[in-house]
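S.K.: Generate coordinates for the sequence data below:
(chains A and B)
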There are 2 protein chains.
Amino acid sequence: MDVTIRAMRSEDAVEIFEIVNQRAFRFWTLSLPYESFDTIKKWLEPQSPRDLHFSAELDGRVVGASALRPFYGRRAHAAEFWIGVHEDYARRGIGTRLLAAMIDTADNWLNIKRIEMTVFTDNIGALALYSNFGFEIEGTHKAATFREGAFVDAHCMARLR
Amino acid sequence: MDVTIRAMRSEDAVEIFEIVNQRAFRFWTLSLPYESFDTIKKWLEPQSPRDLHFSAELDGRVVGASALRPFYGRRAHAAEFWIGVHEDYARRGIGTRLLAAMIDTADNWLNIKRIEMTVFTDNIGALALYSNFGFEIEGTHKAATFREGAFVDAHCMARLR
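M.R.: Next up is the predicted model:
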């Protein structure tokens, strides 16, 4: 399997819209059902000049995507990110490749000191992935989010260098 | 001392600008020096129809301000807030009055389940105030923010009902 990580292109939005609408994406993120294509397309646009978006391409198909979002002002040394992988291509290391690309960019090109995110406490796969890259749990937010009819807790995690 | 808590008015921006520019506000928040009046005035406008802004008035003068910001979507049960009190009127219970007004609104009128915020770990006064209202520390973000030339840690706190 030869996955290429590259800059996201505007035409990738069609395939990323498909990923975002999968239960696997919604279940582990803050995504809502029935979001319009235009909403997702707009969400995929950089919200700041510092934002970087990545696509994972396999055999000419976009099978994963991610974004690294540095903060600004007094948090300019820190960044957050999201990752999504197509259900049919899960557990093949695509998330690892996307995360590695973001961390390389943050560490070696943007001089980011702190990368942070929140993860649902039952997302064992993501917790293992982030731990492998040196992320540590800093705390646990109770009832952080509503998901499939119930509140769910989330760990806040960070990687410092 | 007879402090009145009331809805913020657009003309309060002049006095709140003064508070925001004090070291006491900047030191404990993410505020920057040299922010323009227009920037602060815009920041004081509701960013969502759900946002509520409060002013604390004493003898016709605005001596404190706060905002309660409910989230949306799958975090609509949660809210965050900020509070600022004029340095000359600190330690007189004005922060307590503003926080009480926000919590009453969140609990009894908005049905908010979770109120959250981050606090610098050395902000002993705020930690005591929030603890009094049932907020608990959920974790500690390392090097969360840059302040007076050094990185500073922040606790994430929340109050659930």
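S.K.: Which residues of chain A lie near chain B?
M.R.: Counting by CB under 8 Å from any CB of the partner chain, the residues of chain A close to chain B are A:30, A:32, A:73-78, A:113-114, A:116, A:137-147, A:151, A:156, A:158, A:160. Placement of C-beta: from N, CA and C, glycine included.
S.K.: Now a ChimeraX select for only the buried ones of those residues.
M.R.: Applied in ChimeraX, the following selects the buried portion of the residues of chain A next to chain B according to 16 or more other CB atoms under 10 Å in any protein chain shown:
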select /A:30,74,75,77,78,113,114,116,138,139,140,141,142,143,144,145,146,147,151,156,158,160
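S.K.: Stretch A:127-137 spans what distance, first to last residue?
M.R.: End-to-end distance of stretch A:127-137 (CA to CA, to the nearest Å): 9 Å.
S.K.: List the ones among the residues of chain A next to chain B that fall in strands.
M.R.: Using DSSP state E, the members of the residues of chain A next to chain B that fall in strands are A:78, A:114, A:116, A:137-147, A:151, A:156, A:158, A:160.
S.K.: Who does the one residue in chain A that gets nearest to chain B form a beta bridge with?
M.R.: Among the residues of chain A, residue A:139 lies nearest to chain B; the distance is 1.1 Å by CB to the nearest CB. Note on residue A:139: beta-bridge partners by DSSP bridges are residue A:156, residue B:139.
S.K.: Quick check, pLDDT for it.
M.R.: For residue A:139, the pLDDT comes out at 98.
S.K.: now residue A:47
M.R.: pLDDT, residue A:47: 89.
S.K.: now it: how far from residue B:8?
M.R.: Counting by CB to CB, to the nearest Å, the separation of residue A:47 from residue B:8 is 27 Å.
S.K.: where along chain A do the strands fall?
M.R.: A:4-7, A:52-58, A:61-70, A:78-85, A:114-120, A:136-147, A:150-160.
S.K.: I'd like the average pLDDT over the last one.
M.R.: Per-region confidence: strand A:150-160 scores 98 on mean pLDDT.
S.K.: cool, the first one as well?
M.R.: For strand A:4-7, mean pLDDT rounds to 98.
S.K.: same deal with the fifth one?
M.R.: For strand A:114-120, the mean per-residue pLDDT is 98.
S.K.: quick one: strands adjacent to that strand?
M.R.: strand A:78-85 (parallel), strand A:150-160 (antiparallel).
S.K.: looking at the ones you listed, which is closest to residue B:60?
M.R.: Among those, the nearest to residue B:60 by CB to CB is strand A:78-85 (41.4 Å).
S.K.: related to what we said a few turns ago, comparing residue A:47 and residue B:8, which residue is more hemmed in?
M.R.: More crowded of residue A:47 and residue B:8, by other CB atoms under 10 Å in any protein chain shown: residue B:8, with 20 against 11.
S.K.: measure the more buried one to residue A:125 for me?
M.R.: For residue B:8, the distance to residue A:125 - CB to CB - is 45 Å.
S.K.: next one: residue A:54
M.R.: Residue A:54 is 19 Å from residue A:125, by CB to CB.
S.K.: With residue A:68 instead?
M.R.: Here the criterion is CB to CB. By it, residue A:68 lies 20 Å from residue A:125.
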